[in-house]
Every structure is written in C-alpha cells, then in structure tokens.
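S.K.: sequence and predicted model, in that order:
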Amino acid sequence: MTAIRNIVILTGAGISAESGLATFRGPDGLWEGHRVEDVCTPEALARDPELVLRFYDARRAALATVQPNPAHRALARLDRAWPGELLIVTQNVDDLHERAGAKRLIHIHGELLSALCRACGARERFAGSMLDGPPCAACGQAGALRPDIVFFGEIPYRMDEIEDALLQADLFVSIGTSGAVYPAAGFVQIARTVGARTLELNLEPSAGSSLFEQANYGPASRIVPEWVERLLARPDLV
Ligand code: OAD
C-alpha cells in the first residue's frame, strides 16, 4: 500500500469522556441534565437567555476541573511528528486538544472559551461568566455577548478549509463521535469520494460505522495512542 501523507481527523465528545466531560447522547439522552434543543438552539437563547447563559457558564467553569487524557496527548504528538498535511477537526467546544499541544486544529462547533458579540459580531477570548452581562471588548455593548457555540440551525465554522483538507486526504479518521450531527457526519463520504482510507475509533459502532473501511472499538485513551504509535511506525498501514 502507498504511504499515507494527508490526514484529516474528526473528533467528538467521546475523546473527552475519560477526562470527565459528559457526552451529548448518553444513556439518558440528556446533556448535563438538559435536552440539547433546550440549550443549543438560537430559539432557546431567545426564549430563555438566562438558562442558556447559565448552562454554558457552568460548562466553561467545568473546564478548570478537567485535563487532557492520553487520547488528546497522542493526537498532539501526531500533529507534532507528522511531516505531511494534518488537520484535527473537533466538534468539541472544550479546549483539551489545544491544552494537550495540538496546533493544526479547527473547532467546527465553536469554543466555550470564546464569546460572540450579538451587537458587533466580534469573537473574543472569554473565560468569565456571561450571566453577569459583561461588555463586549470590541464595541463596549453590555449584555450582548453569547456563547461562541454553533447552535443547531447555525453554520459551522471554517467549512471551506475543512472541505479542502478532506478533498486532499489519504486517510480520514473519526474518533469518539456518534455520527448523528451533520455536516461532520458526512465527512467520511467526502473522504471516500477521493479514495481516502477511512478508520473509525470509537467505544462502539457509531450510526455511520458501515461507511468506514476499518474500525477499532474501545476507550479512546487506549485505542487512540495505540493507533498513533502504529501509524508513526508504519505510515503505509492504517
Ligand atoms: P455524542 O455524545 O453524540 O457521541 C459520543 C460518541 O462517543 C458515542 O458514539 C460514544 O459511543 C463515544 N464514546 C463515549 N465514550 C467514549 C470513550 N471513552 N472512548 C471512545 N468513544 C467514546 O457526541 P458527538 O458525536 O460529539 O454539537 O456529538 C456531535 C454534536 O452534537 C456535538 O458537537 C454537539 C451536539 O449537539 C454542538 O454543541 C453544536
């Protein structure tokens, strides 16, 4: 087989589960006690801003209590070591990939540590509480900041760059995602159209598992470091 050069890696909540962050579609179907549509839509923000801002304030505060796990660290090691193109596209709004040291990273669904100003559209680093209605650093408007999270019905970030990377990919790897949310769930099909090899690493088969050529099932903290070591040792095998 020819050696792999260009890699796109998609990650989801499963990669952060062993760090102590809840996945979205757990056994009770709730995210930290809420239905996703009650906290993750523009309608929810308009209807009950206090609930939504409080919810994301709590998620943001929780970041201080968690650490990257061996799966985040393994991807950061791959990012440092890999000589070809590599892009980690995460659906996660936590900062565990960057805290592990990953650099070639896109947050397609936004970030907890970022605020979006509803008055001027600026996006700025934000670590505090939005419930207090702090002013926007760019325009000064108080109470206009909202979580910089791509809610359902909104457009994910940096799709052009991601599509370009997918169209150049020799290998597409999906890690810890249920494959329930588009457009990310469709990336495997784009990669397949250009002949990329495809690999799923997840606790269990996802909704789209049949679309992948290869799969390994188990906890991310074990199977991701194992895969990274294998790939770095033999880039011609997946
Ligand atoms: P989900 O909660 O839908 O799926 C998490 C996946 O991780 C499932 O397939 C689990 O089997 C798997 N998993 C759980 N623990 C794992 C472990 N220790 N190791 C490996 N895999 C494990 O989360 P996402 O697919 O990320 O959007 O959800 C996609 C989007 O839906 C999220 O980005 C979010 C949500 O609505 C926004 O916030 C905009």
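M.R.: Perfect, I can see it now. Keep in mind the model is a prediction, meaning the values are calculated, not measured. Numbering: from 1, shown residues only.

S.K.: so which residues of the chain form strands?
M.R.: Using DSSP state E, the strands found in the chain span residues 7-11, 86-90, 105-107, 110-117, 123-125, 145-149, 171-175, 197-202, 214-217.

S.K.: out of the ones you listed, which is closest to C139?
M.R.: C139 sits nearest to strand 110-117 of all those, at 6.3 Å, using C-beta to C-beta. Using the backbone N, CA and C atoms, a C-beta is placed for each residue, glycine as well.

S.K.: so Q214 sits against L199, correct?
M.R.: Yes - judged on C-beta atoms under 8 Å, Q214 makes contact with L199 at a distance of 4.8 Å.

S.K.: and those two? Which one has more around it.
M.R.: Higher neighbour count among Q214 and L199: L199, with 20 against 11, using other C-beta atoms under 10 Å.

S.K.: contact partners for that one?
M.R.: Applying C-beta atoms under 8 Å, 6 or more residues apart in numbering to L199 gives the contacts 171-174, 212-216, 227, 238.

S.K.: got the residues of this structure near the ligand?
M.R.: 12-14, 17-18, 23-25, 36, 40, 91, 93, 109, 149-150, 176-178, 180-181, 202-204, 206, 219-220 (C-beta under 6 Å from any ligand atom).

S.K.: burial count for S114?
M.R.: Neighbour count of S114, defined by other C-beta under 10 Å: 19.

S.K.: that one - nearest residue in space that isn't next to it in sequence?
M.R.: D148 (3.7 Å; C-beta to C-beta, 6 or more residues apart in numbering).

S.K.: wait, the one you found sits on H109?
M.R.: No - using C-beta under 8 Å, D148 is not in contact with H109; the gap is 9.8 Å.

S.K.: one step back: of the contacts of L199, grab the buried ones for PyMOL.
M.R.: With 16 or more other C-beta atoms under 10 Å as the criterion, this PyMOL line picks the buried residues out of those:
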select buried, resi 171+172+173+174+212+215+216+227+238
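
S.K.: what comes up buried for the lowest-mean-pLDDT helix or strand in the chain?
M.R.: Between all helices and strands in the chain, the lowest mean by mean pLDDT, DSSP states H and E belongs to helix 36-39, at a mean of 86. Neighbour counts over helix 36-39 (16+ other C-beta under 10 Å) mark 36, 38-39 as buried.
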